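In: Quick one: sequence plus predicted model below, questions after.
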Amino acid sequence: MLVSPEGKEFTYALRFEFSTTNNEAEYEALFAGLRLTRELNIQHLKAFVDSQLIANQVTGTFEARNPTIQQYLAKENELIEHFKGFEIEHVRRSQNKKADALSKLASMTFAHLAKEVLVKTLERRSIEVEEVNDLYLDEDKTWMKPLKDYLAYGLLLEDKGEARKIRIKAPSYKLQDGKLYRKYFLTPWLRCVGQSQATIIIQEMHEGVCGFHAGPRSFVAKIMRLGYY
């Protein structure tokens, strides 16, 4: 569960198609949260986990001796470096009832979660696959290029009508680390993507929700909740 400073909650469920220990499952959940918040361009994150062992391993208080856990920890630390501020805190399960209930539901079936919760099935451990492409791809050949050129260099298209449209649109966008983001009133800044990038996201969404059959609006809403425009 991701909770914004304003208290808005975003729920996200994982289902594993491989056997895990409790500690491995805790790391997979933490890993998913770190990747998702990184994709949303969140700079400061406080993570709450109900495993004191995991919290202490991430902070360096305890040493990870199991080889598999060492791989998870290495990936966690790699992702944590991308945040300007990161804290992790152990909470008792009694203080984590919503997330705990969500995990129990997800372990049984996704069918009744599809309308309310973003769901994803993991076929392999996160440490066994390369991290997902950052979706940079062909941004300089898409609808985003005129906006990026204007925001970065003040350049406008020669066509006066198109140039005027860019000037009107520009205040709703921002550039950060070479990537374009759009302001949206219901979510954090949304990462703008082109056609090739959108195809990858849609394919992953279809695979992740196990045959999701909602209408186009629901599908778009879920993609926006993931942080893409």
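Out: That came through fine.
In: What residue spans form the domains of the chain?
Out: Split into domains by automatic domain parsing, the chain comes to 2-128, 135-229.
In: mean confidence for the first one?
Out: Same thing as domain 2-128. For domain 2-128, mean pLDDT is 80.
In: what do you get for the last one?
Out: Confidence over domain 135-229 (mean pLDDT, whole number) is 77.
In: can you give me the offset of that domain from its chain's centre?
Out: Between the mean C-alpha location of domain 135-229 and the chain-wide mean there is a distance of 15 Å, by CA atoms, centre = their mean, to the nearest Å.
In: And for Lys148, the neighbour number?
Out: 19 (other CB atoms under 10 Å). Glycine gets a C-beta too; all of them are placed from N, C-alpha and C.
In: what do you get for Arg125?
Out: 18.
In: hey, where'd the helices end up in the chain?
Out: Taking DSSP state H, the helices of the chain run over residues 22-39, 52-59, 67-80, 97-108, 144-153, 160-169, 195-208, 216-226.
In: buried residues in the last one?
Out: Buried residues in helix 216-226, counted by 16 or more other CB atoms under 10 Å: Phe219, Lys222, Ile223, Arg225, Leu226.
In: which helices and strands does it pack with?
Out: On a contact count with 3 or more CB pairs under 8 Å, 6 or more residues apart in numbering; DSSP states H and E, helix 216-226 meets strand 118-122, helix 195-208.
In: Next, the angle from that helix to helix 22-39.
Out: 100 degrees (axes from the mean of the first three to the mean of the last three CA atoms, to 10 degrees).
In: Just confirm Leu79 contacts Phe31, I think it does.
Out: Yes. Between Leu79 and Phe31 a contact is recorded at 7.2 Å, counting by CB atoms under 8 Å.
In: which among the buried residues of helix 216-226 gets closest to Ile166?
Out: Nearest to Ile166 out of the buried residues of helix 216-226 is Ile223 (CB to CB; 24.3 Å).
In: Identify each buried residue in stretch 42-56, please.
Out: Ile42, Leu45, Ala47, Phe48, Val49, Asp50, Ser51, Leu53, Ile54, Ala55.
In: could you dump those to a markdown table with distance to Cys192?
Out: Formatted as a markdown table, the buried residues of stretch 42-56 follow (distance: CB to CB, whole Å):
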| residue | distance to Cys192 |
| --- | --- |
| Ile42 | 17 |
| Leu45 | 22 |
| Ala47 | 27 |
| Phe48 | 31 |
| Val49 | 32 |
| Asp50 | 36 |
| Ser51 | 36 |
| Leu53 | 40 |
| Ile54 | 34 |
| Ala55 | 35 |
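In: out of those residues, who's nearest Leu155?
Out: Among those, and counting by CB to CB, the member closest to Leu155 is Ile42, at 30.1 Å.
In: how about the nearest residue to Val91, chain neighbours excluded?
Out: Among residues not flanking Val91 along the chain, Phe48 sits closest, at 4.7 Å (CB to CB, 6 or more residues apart in numbering).
In: ok, so what distance separates the one you found from Ile200?
Out: Distance, Phe48 to Ile200, using CB to CB, to the nearest Å: 31 Å.
In: cool, Glu26 as well?
Out: The value you get for Glu26 to Ile200, if CB to CB is used, is 28 Å.
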